[in-house]
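Asks: Sequence plus predicted model, see below.
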2 protein chains.
Amino acid sequence: MRTVGSVLWPKLRVLQVYGANTGVGKTIFSSILCRAFQKRLPAVNYLKPVSTGPLDEADDHHIATLDTGVNSKCLFQFNDPVSPHLAVRSAGRPITDATVLAAVYDELSKQANGQDGISIVETAGGVLSPTPSGSSQADLYRPLRLPTLLVGDHNLGGIGTTISAWESLHMRGYDVHSLALFSEDRGEDRYGNFAYLRDYFQDRNVTAFSIPPPPPRNVSVEEDHHAMRKYYDQSAEHRDVLAFTERFLESHDKRIAEIRSMPEEADKAIWHPFLQHTERSKENIMAWDSAYGDHFQSYTTRQETDQSSPADSELSLLKPAFDGSASWWTQGLGHGNPTLALTAAHAAGRYGHVMFGGSIHKPALDLAQTLIEKSGNSRLKKVFYSDNGSTGMEVAVKMGLRASLIRYKPENPRDLDIRILGLKNSYHGDTIGTMDCSEPSIFNEKVEWYKGRGIWLDFPTVKMREGRWLVEPFEGAPFNTKYFHSLSDLFDFHQRHRDWEAYKRYLRETISDAVKENPNIRLGSLILEPILLGAGGMLFADPLYQRALVEVAREFYAEETTTTTPATTTTNGTAGDWTSIPIIFDEVFTGLYRLGRFSAASFLGVQPDIVVNAKLLTGGLLPLCTTTASDAIFAAFLSTDKTDALLHGHSYTAHPVGCSVANESLKQLQNLERGGAWESFKEDWSPRAFSYGVSYQGSEHAWSMWSWRFVSSLSHRKSVDNVFALGSVLAISLKDPAGSGYASTAATGLRDQLLKGVEGGVDNGVIHSRVLGNVLYLMAAMTTTEETISGVEERVLEAIGG
Amino acid sequence: MRTVGSVLWPKLRVLQVYGANTGVGKTIFSSILCRAFQKRLPAVNYLKPVSTGPLDEADDHHIATLDTGVNSKCLFQFNDPVSPHLAVRSAGRPITDATVLAAVYDELSKQANGQDGISIVETAGGVLSPTPSGSSQADLYRPLRLPTLLVGDHNLGGIGTTISAWESLHMRGYDVHSLALFSEDRGEDRYGNFAYLRDYFQDRNVTAFSIPPPPPRNVSVEEDHHAMRKYYDQSAEHRDVLAFTERFLESHDKRIAEIRSMPEEADKAIWHPFLQHTERSKENIMAWDSAYGDHFQSYTTRQETDQSSPADSELSLLKPAFDGSASWWTQGLGHGNPTLALTAAHAAGRYGHVMFGGSIHKPALDLAQTLIEKSGNSRLKKVFYSDNGSTGMEVAVKMGLRASLIRYKPENPRDLDIRILGLKNSYHGDTIGTMDCSEPSIFNEKVEWYKGRGIWLDFPTVKMREGRWLVEPFEGAPFNTKYFHSLSDLFDFHQRHRDWEAYKRYLRETISDAVKENPNIRLGSLILEPILLGAGGMLFADPLYQRALVEVAREFYAEETTTTTPATTTTNGTAGDWTSIPIIFDEVFTGLYRLGRFSAASFLGVQPDIVVNAKLLTGGLLPLCTTTASDAIFAAFLSTDKTDALLHGHSYTAHPVGCSVANESLKQLQNLERGGAWESFKEDWSPRAFSYGVSYQGSEHAWSMWSWRFVSSLSHRKSVDNVFALGSVLAISLKDPAGSGYASTAATGLRDQLLKGVEGGVDNGVIHSRVLGNVLYLMAAMTTTEETISGVEERVLEAIGG
């Protein structure tokens, strides 16, 4: 696993030089700065990763000719003096961004090994000029996120191009340290560029400085060299250049001090979620300096005390850490995604937030229409917006309870004991109302106002153990363990007709018994997390059992309730109505491609009446939640009385930034699906690929981004009880003699091992993961590559041992 | 009141031409497009709002010379051929953005009056080149938000400058319709700019086209004109130019069709918050096309049926509507704020979302430190993040209940009836747990699981009636109505010593009686919305009464509880500890300058143990909430048992985009305060300004953005019962013989009147406001100008009548 991340070496400073346009003097400024830094630092390096044009005109050559003692290097040189994306074509020598990036990283790492100095890295053309691969300069180098000097445009029109270039860098997450600019006409600021830009950037924490431009070209090369040498000598002594070098050196030290102090400062000022703070110390708080793609750029104080050799002091303070929880299950399109950033900015620029009471804006309308249309559920017709999974589930519960109560027409509703029907180990959010929907557990039982209001059922779980897929019954269940040739077979409900009958019989009986316990009990809704129960322990429920439960729930009060409104009784009926009690699917975690499909309900082949989506909805950028309901549910709130309405709504309901980012995210996710981005994963999990020789007849089979070989291999390891993978989710249940559950610490050892890295070393990324009791889970973004996944797999197998 | 908003005339199309840089051919493209559109439309106008350089070289002159039949105009012309911000200086003729904008708006409106045609508006320089005032082109024209043609840069380096220019437009909320570009060297695309940009923008819904550049200049003017005429003739017939004109005309019609259909589409797909949908129809759904500053750019189907004369069909389909609810109390820094948009984008580009479990990032740390430091409350030490006011209050309640229960050490906590102490008409959010903190009301009593768990007290309210400030007691209260010379006098607690004693006596007795009703009752926390009770009816509580309540609550169980932990008993003590029960301030609405101060608690002069902030926290852009607590509250969750922790946390907890935007918003708000932006409002409300001759001795007096004269005038109107204003909030209670409360419709008439506008007319903006029963409230952003406020005031007085 090789990950190029952001770098921050204590001794080797790095400065990246970008230009607001081509020909604004990047190389000349780089030369001057090399000279100026030579007065202050033992080692000065100049790196031109990609250069086009004849060798003797190349920037590194120029630097080498004029600056003595500078270690000057060009990594990729092309003769054609055009944009790199054209130069590689005429040279017939394509290179990828990853190749350039790795070469730069390696070269800098080599320089960092022992040097007290600076490396100046000069880009080609302007900020968004093409790279050899055709991407932009700023996007290519973004993973390194180096402190940046922007060389501004001193020409007529340069004010605008300079600010736009800065905005392009800024919104890609760069820190632009300073702006440098030639004064026009050797001192006269005719266009006023410098004065304007200096004031403009002062307000934005970017210091600007200007120096006179180089002398005009002479006829002889020798005269040129002489004049330039003189110019460089003078410029390197320029007051503002010296001030810049000082500021930059200080800012490097300040940045290091800041990142080193962040864990301690956080320990003082932050109340962390889901943490027993007696276990917190500055040693175990991770500081995220930035993030890109699948990785955090992380710092921990512990990494410094862990250093085993003096050479480690030359390691970068920032380490790439694979975001193994997909940032609490939200990440789908990679951290620092520039398209999502620009989409957010466009919505902010077009609307800001616009209140949603009785109004509409395009991003909210588009998103609602997409969710309704793509759900594959013909019942779903109306979208209600809120801010997170928990509030979205509160809305769903309010919808469900009202709809069912209207059907029961109880004389005194306040006397009833209205319960949620659900599975044990369910979890639907942290607000007290949604907590009440879950059985008493570690999450809620110490919440003073918690009152479990449900009937919660045991359920059989899907696991792979020693290479075999099985459905394991719960204790005391009237079913046996079932084995399956492949994961897809388990979803072949047609073949599992007898399981289905048995499940329905059991469920009918169990629910009837539970309801009879108290004459005031009424079922208000069935709430399910389809397929995977997340926070409750990352449990894979037998999908056929969940389907049977939906069917039994729909027939439960059917006799009493169908009389009040016409209703269809088929599970997959397209009618907008429901029988018995509303079926609510909490797809906050499992929906929107987390398991490989837009709708998690589609795995069960049922059409819930209410579906809640969040997390991946915004691709992993910011909070937004939707609760989508059928017209029949919607109708339960219609009357001539305002107080019968669903009187719920948060201030930022349907905020345009969130809705716009969600529209773009769903578009990107659907493009990944349609563009075949996951084909090789699907191929790997194709039932045909298995040795059993069974040909799978279903439509789309179940698949995972985690390789079949890896999952199977894990399931044979001594410390592993069982494992499963689906979509981007992998869960490893470790054996714990003390029992499973949230309080188990069986998985923390593995977690800590992955966080340390198995071996020390410069480019040795680590894996940041979360545990739920004895379960360690890993989750990828939907854009994570096979290569990255396989690197993580290797590391996990190494860490977990035999 | 004159508001320049976005325009969309059915018959007059408008196209704005921006350049990626100076000298890329904006005028030439504009000329060609004028010619091309002349073939399709009866009227073609060309408008150059600001031009620099000698008149005969001016762009409009150029157009007029070459294009016959084009109505060509320049509004502001300066002779010096430099950037407008310098040209106005040398001409000694400064002009504001508002002046330019109004002139453009007037000119276009004149053209729209009867014309079936197009107006092409050409900007000066590049996208972010300076305007006469020194702002940028894109910022100056943003309020009009015209469909845009971007002329790309065909020179070397032009790929990067073109994309950056587009990004600058895009993140200011512009819709860039197409990109136009000269092919280089008369057809040869040596730099590959066009091919690259065409593909790049195709993915971004921007169609690009290119045409050959104009012929080189000749010696004689005549020859030049001849060559250019020929060039224009040919170019106007160019296949890609014709295709562009067609696309643009279609897009105009499509945009109109889309905005016209939005209300109906919303009626189908959206479940609106807080709405009885039997009252909804496509006629009363407002469509927001965009928003800027204080205004929505709105469309309603009703405005078309309301048209009283045929001339109205020439009105813009978009009307500016003053955002009179500050978008449900969130708006602080203006819609479409470009700095907030860029800040959001930077955080998205640097981090995306990064999970917050046991970790830290700079935006979250900075925000926590700012909130702790600026609160002026030395108790507050730890910040917990969530997504909205409701979830933040759930967190606060969990904190408060746990802290108090630990002190009581009950044998069996589940037997206790733990209550919130609070005021009647309080409201803390829509999730069921926070609903339980409020007395039964229209908002919650039909929520099946709602269970009010509180002791709620009556309270005296502050009002202005017939020009006099008074504190009105509740029914049956043992206090009389008190009158005050000024609003500030009411906050002079020193002078109100006897009221304070009376309040404390009353509160001690009332609370004791209430608690005695049931031996299992325990108080868990006091929750207050300081000063203003928002959703419960926009009620202004006597601040001295709230202060007395805090003091009484802190002494209530003091004897029993102070034994367990050392505690200070002073209300303003700097110790991090508390007595009796935790004091929670819900400042979701009232905090962060909504009432003119960073902390609303500071009006009461008390230091709560827990404070919740949201709404203005992000300046009005996106959801984020903080619950800030004292170390003593934090300590209540410390133990060696993980299950004692506050097991709460949403997926997007402390999302970097939200935290970054909040940091920038608080900075801007503090800058407004420090920069004296509100001085004239303060001066208006200075007690010295009153005729009573009483000199106010307090530190900072209470003030409002709504003028004292206006408030006083309102309070004398026949239909008005009373009125108050504080900070940016104004509330008008209308007389309703049928009684007040949420179900009253007394205020809806005024609301509808304001929404229609008092008179018809082209630039006649309307006011969008919300009502709470018989109360119509108005709220400004903290950046709203005196001029805008006074325009709204005028309109309100006109609408409310005598």
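Replies: Nice, thanks for sending it over.

Asks: And the next helix or strand past the helix or strand bottoming out on mean pLDDT in chain A?
Replies: One helix or strand of chain A scores below all others by mean pLDDT, DSSP states H and E: helix A:558-561, with a mean of 61. Where DSSP states H and E defines the elements, the next helix or strand beyond helix A:558-561 is strand A:583-586.

Asks: List the buried residues of stretch A:468-476.
Replies: Using 16 or more other Cβ atoms under 10 Å in any protein chain shown as the test for burial, stretch A:468-476 gives A:469, A:470, A:471, A:472, A:473. All C-beta spots, glycine's among them, are computed from the backbone N, C-alpha and C.

Asks: The third one bridge partners, please.
Replies: Yep, that's residue A:471 we're talking about. Beta-bridge partners of residue A:471, counted by DSSP bridges, are residue A:462, residue A:482.

Asks: Roughly how far does it sit from residue A:619?
Replies: Going from residue A:471 to residue A:619 by Cβ to Cβ, to the nearest Å gives 33 Å.

Asks: hang on, the earlier thing: which single one of the buried residues of stretch A:468-476 is nearest to chain B?
Replies: residue A:472 (27.0 Å; Cβ to the nearest Cβ).

Asks: I'd say the closest one and residue A:461 touch.
Replies: Yes: assessed by Cβ atoms under 8 Å, residue A:472 is found in contact with residue A:461 at 5.4 Å.

Asks: Then residue A:794 would be within a helix, right?
Replies: Yes: counting by DSSP: H, G, I helix; E, B strand; the rest coil, residue A:794 falls inside a helix.

Asks: residues near residue A:101, how many?
Replies: 18 (other Cβ atoms under 10 Å in any protein chain shown).

Asks: And the one 10 residues further on, by the same measure?
Replies: Counted with other Cβ under 10 Å, the neighbours of residue A:111 add up to 21.

Asks: Next: residue A:740.
Replies: Residue A:740: 19 neighbours (other Cβ under 10 Å).

Asks: that older thread, will you turn the buried residues of stretch A:468-476 into CSV that also has pLDDT?
Replies: Listed next are these as CSV, based on pLDDT from 0 to 100:
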residue, pLDDT
A:469, 97
A:470, 97
A:471, 98
A:472, 98
A:473, 97
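
Asks: Turn the residues you listed into CSV, columns for distance to residue B:363.
Replies: Supplementary listing: these in CSV, determined by distance: Cβ to Cβ, whole Å:
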residue, distance to residue B:363
A:469, 44
A:470, 46
A:471, 45
A:472, 45
A:473, 48
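
Asks: In which helix or strand does residue A:718 reside?
Replies: Residue A:718 belongs to no helix or strand, assigned by DSSP H and E.

Asks: and it, how many neighbours does it have?
Replies: With other Cβ under 10 Å as criterion, residue A:718 counts 8.

Asks: What separation is there between the nearest residue to it once chain neighbours are set aside and chain B?
Replies: Sequence neighbours aside, residue A:802 is the residue nearest to residue A:718 in space, at 5.9 Å (criterion: Cβ to Cβ, 6 or more residues apart in numbering or on different chains). Per Cβ to the nearest Cβ, to the nearest Å, residue A:802 is found 30 Å from chain B.

Asks: what does the stretch 451-600 of chain A have sitting close to chain B?
Replies: Contact residues, the stretch 451-600 of chain A versus chain B (Cβ under 8 Å from any Cβ of the partner chain): A:453, A:524.

Asks: Mind doing that once more with 10 Å?
Replies: Listed as neighbours of chain B in the stretch 451-600 of chain A under the rule Cβ under 10 Å from any Cβ of the partner chain: A:451, A:453, A:522, A:524, A:535, A:588, A:589.

Asks: Selection in PyMOL covering whichever of those are buried, please.
Replies: Listed next is the PyMOL selection for buried residues among those, using 16+ other Cβ under 10 Å:
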select buried, chain A and resi 453+522+524+535+588+589
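
Asks: How far off centre is the helix or strand encompassing residue A:670?
Replies: Residue A:670 is part of helix A:656-674, with elements assigned from DSSP H and E. Taking the mean of its C-alpha atoms, helix A:656-674 sits 13 Å from the chain's own mean (Cα atoms, centre = their mean, to the nearest Å).

Asks: Do me a favour and average the pLDDT over that helix.
Replies: Here helix A:656-674 scores 97 as its mean pLDDT.

Asks: what helices or strands is the longest strand anywhere in chain A leaning on?
Replies: Scanning chain A for the strand with the most residues, using DSSP state E, yields strand A:43-52. Under the contact criterion of 3 or more Cβ pairs under 10 Å, 6 or more residues apart in numbering or on different chains; DSSP states H and E, strand A:43-52 touches strand A:12-19, helix A:26-38, helix A:59-66, strand A:71-78, helix A:84-91, helix A:97-112, strand A:117-122, helix A:137-141.

Asks: For residue A:523, grab phi and psi.
Replies: phi -80, psi 130 (degrees, to the nearest 10).

Asks: And it, how far from residue A:428?
Replies: Applying Cβ to Cβ to residue A:523 and residue A:428 gives a distance of 16 Å.

Asks: Which one of these two is surrounded by more residues?
Replies: Neighbour totals were compared for residue A:523 and residue A:428, and residue A:428 leads with 29 against 23 (other Cβ under 10 Å).

Asks: Looking at residue A:333 now. What's its pLDDT?
Replies: For residue A:333, the pLDDT comes out at 98.

Asks: Tell me the bridge partners for residue A:382.
Replies: What pairs with residue A:382, by the bridge criterion (DSSP bridges), is residue A:629.

Asks: quick one, what contacts it?
Replies: Applying Cβ atoms under 10 Å, 6 or more residues apart in numbering or on different chains to residue A:382 gives the contacts A:368, A:372, A:399, A:610, A:627-631, A:633-635, B:268-272, B:277.

Asks: Output the longest helix belonging to chain A.
Replies: helix A:239-269 (DSSP state H).

Asks: Settle this for me: residue A:621 is touching residue B:652, isn't it.
Replies: Yes: applying Cβ atoms under 10 Å, one finds residue A:621 in contact with residue B:652, separated by 8.4 Å.

Asks: joint contacts of those two?
Replies: Joint contacts of residue A:621 and residue B:652 (Cβ under 10 Å, 6+ apart) are A:327, A:330, A:658, B:353.

Asks: can you tell me which two in those residues are farthest apart?
Replies: Farthest apart among these by Cβ to Cβ are A:327 and A:658. That separation is 16.2 Å.
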